[in-house]
Every structure is written in C-alpha cells, then in structure tokens.
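# predicted model and sequence below, questions to follow.
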Amino acid sequence: MKATKINIDNNRFRSCCVNLLVNEKLLNIFVVILLKKTNINETDTLFATFDFIDEFFKALDRRNRPFPSTFDFKFFLEAIKMVLDNDLEYVI
C-alpha cells in the first residue's frame, strides 16, 4: 500500500481494507498511508480520502471496537487542520 498508487475509488480495495479492520490496530497504518498519499490540492481525492477514513471509523463503531491506543490523533488532527487552513472545510 505504501509503495503503490492507491485507487481509493476501487470498491474491492475499500471493502478489503474495511474488512481487515477486524484487527483495529491497522487503523492508524491505513489512515497515515492514505493521508500521506493524498494531495491537498486535488479536492476530489481529498474528499474521497476523508470519505474512506469515515468508512473505517464507522466499521469500528459497527463492530463496537474502540479506537486503538496506537491511533495517532495528533497526526490526524494536523491533517484536518491543514484542510481547514486551506479553506477546504467543505471536504470535512
């Protein structure tokens, strides 16, 4: 996932990632990789990335799983702040 181009619009890929979250410790890895590969200037991609991350969060909620203690909230909030600072708040 780190080394290849990710097509986050691919439903199979999305479904696979969500299903892998039975191991909730993968959440941080997935979120960090997705955010690092997202170009903040490509609004469609940015929107799709946050939509994908929302799917991850909903999957954890459906399974009554807590956020893993390893989740990097600081990194995630910095990404949100970057979006807000660039007047792209409609994406979030």
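Now that the structure is in, tell me what you want to look at.
# from now on I want contacts and neighbour counts done on CA atoms only, so please keep to that.
Will do.
# in this structure, where is pLDDT below threshold?
Scanning the chain for pLDDT under 70 picks out the ranges 1-9, 88-92.
# go again using 90 as the cut-off
Residues of the chain meeting the criterion pLDDT under 90: 1-24, 37-48, 65-67, 82-92.
# so which residue is dead centre in it?
I53 (3.1 Å; CA atoms, centre = their mean).
# what residues sit buried inside stretch 23-30?
By neighbour count on 16 or more other CA atoms under 10 Å, the buried set for stretch 23-30 is 24, 26-28, 30.
# CA atoms only for that stretch, dumped as PDB, please.
This file holds the C-alpha atoms of stretch 23-30, laid out as PDB (Å, rounded to 0.1, in the frame of the first residue of the first chain):
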ATOM      1  CA  ASN A  23      -7.600  -6.000  13.600                       C
ATOM      2  CA  GLU A  24      -8.300  -2.400  14.700                       C
ATOM      3  CA  LYS A  25      -4.500  -1.800  15.200                       C
ATOM      4  CA  LEU A  26      -4.400  -1.500  11.400                       C
ATOM      5  CA  LEU A  27      -6.500   1.700  11.600                       C
ATOM      6  CA  ASN A  28      -3.600   4.000  12.200                       C
ATOM      7  CA  ILE A  29      -1.500   2.500   9.500                       C
ATOM      8  CA  PHE A  30      -4.200   2.800   6.900                       C
END
